[in-house]
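In: Fold the following.
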Amino acid sequence: MKEYGDFELNSADAIFQQGLDLLECDHFEEALRAFDFVVSQQPYNADAFFHRGIALVNLNRSDEAAGAFKIAVELAPTEALFHTHFGYALMLSSKLVDAIEQFDKALELSPDNYQNKIYKACALAENRNLHGARALLKEVLEEHPDDLDARRNHGNIAAAMGDDELAIEEYSVVLRKQPNNLDVLRRRAEIFQRQSRQDDAIRAYREIVAIDPRDRTTWMTLVRVLGETGDRPAVIAHATEAIDLGHETAEIYVMRGKALLEQKQTEQSITDLRRARELNDRLPEAHHLLSRAFMESGRLGQAVKCASRALQLNPRDIRFLLMKAALHHRLGEYDAEFQYLTAIAAEIPGDFEITRRTVENHLLRKQPQQAVTVLEEFLGKDPDHSRALLLFSELNERLGNVGQTLWAYRRIFSQKQVEVEAFLAFARFLVRQADTNQALQVLDRGAAIYRDHAAIHLWRAEIYHSLGRHEECIARIQEFGPGPVRAPAMYWLLGKSYYAIGGFQQALKAFGEARKHEEQAGRASVPPFRCLVAEAWTLHHLGRTGEGIALLGRYAGKFDQFEREYHEVLGELYENAGTPERALEVYSEGLRKYPKAATLHYRMARTAAATADRKLLIKHLDAAVANDGTLADTAANDPVFQKFAYSPSLNRVLGFRFYRRRAKLLTLMGLWIVALLVTVYLANH
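Out: Model prediction:
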């Protein structure tokens, strides 16, 4: 950098020229020193003061620049350019009224220089005179429609006035000629975001970071907007790209950590959130999300520490208070949970969810009356809150207060709008009270209102089915609508009702639909076991037992959870098909996997009895009773075993039940004969 001593070797005019050259090369500090030397030597050199002001503006020292320009205009009051730059420096210093005055003077001196109108419009806009600024820019654009600076500022003012569409239109004109204009791209993206045009905003922000990958603020905004759309993979991808470019901010790590947590990638989330905490320990969101991640992974102690730190940084954040309450709940620390729920209730009075959790807390602490009091206080302020009334009814039913329960339901049903949950809850209450007829009336009323709600129609049909009114059950299901809108449970119930009244063909179709819908819902490679069994037995009743056996056989070995039941059903079907030998093979195969399965041993014994294989019968009946003593009574009453009633081996297995029964019968017969003889004797004597 040059010192004054160097300048003194040359004339002031030469130094002035050097200053201009330095200014041209953007060496603003050196240019400023040159102009400082010139004005010290030539205090009346207006040009030197003017260019000194330019150097100061470029060094972001607008107040000093305004002072330099002020001297320049005092020395040369007729120089329009000096007034323009003076006004610009004043505008940068937020001295807007003075700036407008200078732009007006510049326009008086040079009325054809429309750039002064643009500057004046900017000053007017900054001074909240948006209409005046817009009118001035409109005037400029009428004369100079291709001036992009005027059009850009016109767009800015339109956006400030809420005319977003005009602003976007103006920005589009600018971007057609200046596609990399970052200021315009940012402003347009902000408008898209404000209009909730998230896809357009995301495209705009992506365009900005593609042009300027160093723009950390836009990277953060892009990741945040992606998070608002719920596109977690995109959040993770863009946050990773930003981090790889060197934008390691706590905020970006927090956003990626949150997306990873919501994607159930808990450990990766914890790594990111720990890094965010290292970068900025005073960011509450990082501690809060870490608390969530630790809680989901079962590390409750660490979760409590993080939740406490989040609360320390922001003691009134409801989310943090809720997290702390939830953690104490998980830890079984219900007294501590109650303290936090009380604090939350003070912050958001009248919130039903907090009331519900407080009621649950009182019940866990064996304080049912306090739970009732909490609900009564809530209902005192909001007597028609349907969810609170439902909770009040459930609580009072649990406490045995049937009268209060009925009062709550009557209150709910006196309202104009009754939620479907209320119809279902009241019907279930009535069923528990053994008042099924009134329950059906409630559900009929609900079904008339909620014609497309599957749950209410299904529950109504289930009650008819439980009462043995199968035709009405079928009718109620068919009322609900065509096949595609029915839930698998509805087809299942339809099949059971048809099966009960002997409509096996319709039952088979319904069970098939239930299986198909459950397969689609669960996307499992193996069909639901109950549906297969129902179809197989229905095929048997249609005289197509072989098809039922084949249906089950296609899935042999694939029912891990129901493997024992699978062998029982398949074996019984073989029995009914008249092939007991094949049934024995199936039961034997099942017993190799489940050697202590009492029901399989019992079925094996029954089949052996049918084939008169006494040795096999005794072996498996003995094993069945050994594993389940109640089967002895079952066998004693099973007609299959009656022909072996006098077998000592069988009686030993069954605890001599057949012998005791015969002895009892003979005793009764003997007593009857004695009584008869006595009666005859007395009659003759």
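In: number of nearby residues for the nearest residue to Leu440 once chain neighbours are set aside?
Out: Once flanking residues are discounted, Leu440 sits nearest to Ile463: 5.9 Å by CB to CB, 6 or more residues apart in numbering. Glycine gets a C-beta too; all of them are placed from N, C-alpha and C. Around Ile463 there are 21 other residues, counting by other CB atoms under 10 Å.
In: secondary structure class for Ile463?
Out: Reducing the assignment at Ile463 to three states with DSSP: H, G, I helix; E, B strand; the rest coil gives helix.
In: looking at it, it is touching Thr436, isn't it?
Out: Yes. Contact criterion CB atoms under 8 Å: Ile463 and Thr436 qualify, at 5.8 Å.
In: if we can go back for a sec, how about the residue nearest to Leu440, what does it touch?
Out: Contact analysis of Ile463 by CB atoms under 8 Å, 6 or more residues apart in numbering lists Ala427, Val431, Thr436, Ala439, Leu440, Leu443.
In: Just the ones of the residues you listed in helices?
Out: Ala427, Val431, Thr436, Ala439, Leu440, Leu443 (DSSP state H).
In: Buried ones among those residues?
Out: Ala427, Val431, Ala439, Leu440, Leu443 (16 or more other CB atoms under 10 Å).
In: Once you drop chain neighbours, what's closest to the third one?
Out: It refers to Ala439. In space, Ala439 is closest to Leu430, 3.8 Å off (CB to CB, 6+ apart).
In: which residues touch the one you found?
Out: Leu430 is in contact with Thr436, Gln438, Ala439, Val442, counting by CB under 8 Å, 6+ apart.
In: gap between Ala343 and Tyr171?
Out: To Tyr171, Ala343 is 48 Å away according to CB to CB, to the nearest Å.
In: typo on my end, it should be Ser414
Out: 57 Å.
In: Please say which of these two ends up with more neighbours.
Out: Tyr171 (25 against 9).
In: in terms of contact, does that one touch Arg186 like I think?
Out: No. Assessed by CB under 8 Å, Tyr171 is found out of contact with Arg186, at 10.1 Å.
In: burial measure for Lys381, as a count.
Out: When neighbours are counted by other CB under 10 Å, Lys381 registers 10.
In: pretty sure it is touching Gly350, no?
Out: Yes. When contacts are counted by CB under 8 Å, Lys381 is listed as touching Gly350 (6.3 Å).
In: Give me the pLDDT value at the spatially most central residue of the chain.
Out: By CA atoms, centre = their mean, the mean C-alpha position of the chain lies nearest to Glu262, the distance being 8.6 Å. Looking at Glu262, its pLDDT is 95.
In: give the contact list for the closest residue to it other than its chain neighbours.
Out: Excluding its sequence neighbours, the residue lying closest to Glu262 (CB to CB, 6+ apart) is Arg232, at 5.5 Å. By CB under 8 Å, 6+ apart, the residues touching Arg232 are Ala259, Leu260, Glu262, Gln263.
In: Take the residues you listed and keep only those in strands.
Out: Judged by DSSP state E, the contacts of Arg232 include no members of strands.
In: Looking at the residues you listed, state which has the most neighbours.
Out: Ala259 (26 neighbours).
In: Can I get the buried ones among the ones in helices among the contacts of Ile463 in TSV including pLDDT?
Out: Output for these, formatted as TSV (pLDDT from 0 to 100):
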residue	pLDDT
Ala427	94
Val431	92
Ala439	93
Leu440	92
Leu443	92
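In: Which of the helices and strands in this protein ranks last by mean pLDDT?
Out: helix 4-7 (a mean of 51; mean pLDDT, DSSP states H and E).
In: For Pro111, grab the count of nearby residues.
Out: So Pro111, with other CB under 10 Å, has 11 neighbours.
In: mind checking the SS state of it?
Out: coil.
In: One more: the one 5 residues further on?
Out: State at Asn116, reduced to three classes by three-state DSSP: helix.
In: And it, how far from Ala99?
Out: In terms of CB to CB, Asn116 sits 11 Å off from Ala99.
In: same deal with Asp231?
Out: Asp231 is 45 Å from Ala99, by CB to CB.
In: higher neighbour count, these two?
Out: A side-by-side neighbour count of Asp231 and Ala99, using other CB under 10 Å, places Ala99 first with 26 against 16.
In: For whichever helix or strand the more buried one is part of, name the packing helices and strands.
Out: Using DSSP states H and E, Ala99 maps to helix 96-109. Contact partners of helix 96-109 among helices and strands, from 3 or more CB pairs under 8 Å, 6 or more residues apart in numbering; DSSP states H and E: helix 80-92, helix 115-126.
In: Tabulate those (CSV), appending distance to Pro179, mean pLDDT and mean neighbour count.
Out: Converted to CSV, those look like this (distance: least, CB to CB, whole Å; pLDDT from 0 to 100; neighbours: other CB atoms under 10 Å):
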stretch, distance to Pro179, mean pLDDT, mean neighbour count
helix 80-92, 27, 91, 24
helix 115-126, 22, 86, 23
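In: I'd like those helices written out as CSV, with distance to Pro648 added.
Out: What follows is the helices and strands packed on helix 96-109, written out as CSV (distance: least, CB to CB, whole Å):
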stretch, distance to Pro648
helix 80-92, 115
helix 115-126, 111
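In: Check the gap between the nearest residue to Glu248 once chain neighbours are set aside and Leu273 for me.
Out: Closest residue to Glu248 apart from its sequence neighbours, by CB to CB, 6+ apart: Leu279 at 6.7 Å. Counting by CB to CB, the gap between Leu279 and Leu273 amounts to 11 Å.
In: so how far is stretch 369-387 from its chain's centroid?
Out: 29 Å (CA atoms, centre = their mean, to the nearest Å).
In: Sketch out the low-pLDDT regions of the stretch 401-550 of the chain for me.
Out: 481-486, 521-527 (pLDDT under 70).
In: how far away is the residue nearest to Glu262 from Tyr499?
Out: Taking CB to CB, one finds Arg232 at 46 Å from Tyr499.
In: try His287
Out: From His287 to Tyr499 the distance is 59 Å (CB to CB).
In: And these two? Which one has more around it.
Out: His287 (26 against 20).
In: right, and the more buried one touches Asn314 too?
Out: No. Using CB under 8 Å, His287 is not in contact with Asn314; the gap is 9.4 Å.
In: Same list, the contacts of Leu430, but as CSV with distance to His27 please.
Out: Shown next, in CSV, are those (distance: CB to CB, whole Å):
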residue, distance to His27
Thr436, 94
Gln438, 93
Ala439, 90
Val442, 87
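In: And the furthest pair within the residues you listed?
Out: Thr436 and Val442 (10.5 Å; CB to CB).
In: buried set for stretch 588-595?
Out: For stretch 588-595, a neighbour-count test (16+ other CB under 10 Å) marks Gly590, Leu591 as buried.
In: same check, this time on stretch 288-304
Out: Under 16+ other CB under 10 Å, the buried positions of stretch 288-304 are His288, Leu289, Leu290, Ser291, Arg292, Ala293, Phe294, Met295, Arg299, Gln302, Ala303, Val304.
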